[in-house]
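Peer 1: Predicted coordinates and the sequence they were generated for:
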There are 2 protein chains.
Amino acid sequence: MNKNKLFQQFVRFTTSVHQVTYDMTKEIRIENVTTVQYKILELITVSQPVTLSEISECLHLSLPNASRELKKLIQYQLCEKIIDPNDRRKFDIRLTEEGTVLMNKVFQQLEINFQERINNLSEPELKEIQNAFEILQTKFFA
Amino acid sequence: MNKNKLFQQFVRFTTSVHQVTYDMTKEIRIENVTTVQYKILELITVSQPVTLSEISECLHLSLPNASRELKKLIQYQLCEKIIDPNDRRKFDIRLTEEGTVLMNKVFQQLEINFQERINNLSEPELKEIQNAFEILQTKFFA
DNA sequence: TCGTTTAGTTATCTTTTGATAACTAAATAG
DNA sequence: CTATTTAGTTATCAAAAGATAACTAAACGA
């Protein structure tokens, strides 16, 4: 196996992934919510409940900056803190009712964009793609 | 095929890709070069020669902002304009000697990071990965 | 030739993001 | 019980990135 060729393929591939995910999300813009704030919402949505430290780590934000941005999302009533009874320094963060409704809409739109992309593919092709996701996820992007 | 499951797999997958590419590039920091400027350098490197409009479009920068950032890269002598003789409004952008040396180093480092990731994989696994890249690139992220 | 479009520039302003210091309050460890 | 660590906050400053208006100069089209 030519590992340099594989590397070049990897570079092209990741570029495409970034391009496509950008295109799929670019139309999604929530009022008053900046890019970073949206990323936080996305993270909460998929791994709720989450602590501030986790947000900070996953999104590579300093704790002060994560705290500041979260504060705004709480002001907008899109998420809320639930203090951990076992450790009152910590708290879990969840979407509010309103935030849940909003993020459901967002993910529905995302899924529509996704379905459009795979619309013209045959059943065996879909199987291939599923398989490819799985292989890369477990063996490379683990 | 359960398309909703596939969508969820896609979401997890793209998250991982972003995570891994972030980790692989985070240590790379060129003096005085900001994130956007680095993105521009990367683009020039892989698709040289390139026009300002192409940079603007590919990186989703307005033309004025792209122009401003490019100007700085030219000041740092990392790239240069080559005016198109057929259309003197346009120009091609290329890396300078110095820029080429720098970006070679960057890509070498990237490749080292990449090789480390695939180090523990067997030859058949590498083949699988190569195949997975190819399928996703041609059938999904095209 | 003249108006229009294209490609890019310059200047300016705002918003967003990043960094850091100094802080509180709770938990934990010796 | 005290010292330290952990988890997060608040305030402040600086840098980066985004948006827009007004511009130049070349090319193009009728």
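Peer 2: All right, it came through fine.
Peer 1: now A:Arg89: how far from DNA strand C?
Peer 2: Applying CB to the nearest atom of the strand, to the nearest Å, the value for A:Arg89 to DNA strand C is 5 Å. In this view, the C-beta of every residue, glycine as well, is placed from N, C-alpha and C.
Peer 1: do the same with A:Lys5
Peer 2: Distance from A:Lys5 to DNA strand C, by CB to the nearest atom of the strand: 32 Å.
Peer 1: Tell me which helix or strand that residue sits in.
Peer 2: Assigned by DSSP states H and E, A:Lys5 falls within helix A:3-26.
Peer 1: Would you mark the buried spots in that helix?
Peer 2: Using 16 or more other CB atoms under 10 Å in any protein chain shown as the test for burial, helix A:3-26 gives A:6-7, A:9-11, A:13-18, A:20-21, A:24-25.
Peer 1: got a list of what A:Phe141 touches?
Peer 2: B:13, B:16-17, B:19-20 (CB atoms under 8 Å, 6 or more residues apart in numbering or on different chains).
Peer 1: which one of these sits closest to DNA strand D?
Peer 2: For the contacts of A:Phe141, the closest approach to DNA strand D (CB to the nearest atom of the strand) belongs to B:Gln19, at 19.1 Å.
Peer 1: Spatially, which residue comes closest to that closest one, not counting chain neighbours?
Peer 2: A:Phe141 (7.6 Å; CB to CB, 6 or more residues apart in numbering or on different chains).
Peer 1: Which secondary structure state does the closest residue to A:Ile82 other than its chain neighbours sit in?
Peer 2: Nearest non-adjacent residue to A:Ile82, counting by CB to CB, 6+ apart: A:Asp92, 4.6 Å away. Three-state assignment for A:Asp92 (DSSP: H, G, I helix; E, B strand; the rest coil): strand.
Peer 1: Run a quick neighbour tally on A:Asp92.
Peer 2: 16 (other CB atoms under 10 Å in any protein chain shown).
Peer 1: That one contacts A:Pro49, doesn't it?
Peer 2: Yes. The criterion here is CB atoms under 8 Å, and A:Asp92 meets it with A:Pro49 at 3.5 Å.
Peer 1: what touches both of the two?
Peer 2: A:Ile82.
Peer 1: helix/strand/coil for the residue nearest the centre of chain A?
Peer 2: Centroid-nearest residue in chain A: A:Glu42, 4.5 Å away (criterion: CA atoms, centre = their mean). Classification of A:Glu42 by three-state DSSP places it in helix.
Peer 1: what does the one 4 residues further on give?
Peer 2: The three-state label given to A:Val46 by three-state DSSP is helix.
Peer 1: What sits closest to it if chain neighbours are left out?
Peer 2: Here the residue nearest A:Val46, using CB to CB, 6+ apart, is B:Val11, at 7.0 Å.
Peer 1: Against B:Lys5, how distant is that neighbour?
Peer 2: 11 Å (CB to CB, to the nearest Å).
Peer 1: cool, and A:Glu125?
Peer 2: Distance from A:Glu125 to B:Lys5, by CB to CB: 16 Å.
Peer 1: Please apply the same query to A:Gln48.
Peer 2: For A:Gln48, the distance to B:Lys5 - CB to CB - is 20 Å.
Peer 1: now swap in A:Phe141 and tell me
Peer 2: 18 Å.
Peer 1: Please apply the same query to A:Pro124.
Peer 2: In terms of CB to CB, A:Pro124 sits 17 Å off from B:Lys5.
Peer 1: do A:Phe114 as well
Peer 2: For A:Phe114, the distance to B:Lys5 equals 12 Å [CB to CB].
Peer 1: Kindly check the end-to-end length of stretch A:20-36 for me.
Peer 2: 19 Å (CA to CA, to the nearest Å).
Peer 1: Now do the helix holding A:Lys5 against helix B:3-26, angle only.
Peer 2: Here helix A:3-26 runs at an angle of 120 degrees relative to helix B:3-26 (axes from the mean of the first three to the mean of the last three CA atoms, to 10 degrees).
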